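Enquirer: Using only what follows, build the 3D model:
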Amino acid sequence: MTAPMTHRVFVYGTLKRNGSNHGLLIGASFMGETATRQRFRMISASFPVILDKKDGWPVHGEIYHVNDERLASLDRLERVGRLYDRKIADVIENDREVKAHIYVGRLEYWKHTDMPPWHQTNSNGELDWKQPTL
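Expert: Prediction:
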């Protein structure tokens, strides 16, 4: 039997604190706010989707340390392999660059949607998604 692994996960939407899916991260270790080094485009309806487009912007979010079981739960939520791919991104944690898992929308699924682009950035020029209020 192997020991459980700890994984860094970068979240940028409904999994952030106060987000509608944050309950899946209760008990995970919150490591702070950060941003991606890579650039992405973002589209949004009631949730954000980042797309692997090099002409976008860095994305602001939060980083968590999760175990294998929680990572599998996140994969199910994000429908990995259908709606999203789990990729590796460069982020800053505790003043050093590290690799973290990030959920990136699958272009073949999202390219035909009419979801509007999200252009709201924070003072650092990072895409910063806020859950729309109804």
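Enquirer: now the helices for the protein?
Expert: Using DSSP state H, the helices found in the chain span residues 68-78, 107-110.
Enquirer: Redo these as TSV? Include mean pLDDT, mean neighbour count and distance to residue 16.
Expert: Heads up, the C-betas are built off the backbone N, CA and C, glycines and all. Putting these into TSV (pLDDT from 0 to 100; neighbours: other Cβ atoms under 10 Å; distance: least, Cβ to Cβ, whole Å) gives the following:
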stretch	mean pLDDT	mean neighbour count	distance to residue 16
helix 68-78	96	15	13
helix 107-110	90	12	20
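Enquirer: Make TSV out of these and add distance to residue 38.
Expert: Listed next are the helices of the chain as TSV, based on distance: least, Cβ to Cβ, whole Å:
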stretch	distance to residue 38
helix 68-78	18
helix 107-110	15
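Enquirer: Compare those helices and report which one is nearest to residue 52.
Expert: helix 107-110 (7.0 Å; Cβ to Cβ).
Enquirer: quick one: low-confidence parts of this structure?
Expert: 1-4, 132-134 (pLDDT under 70).
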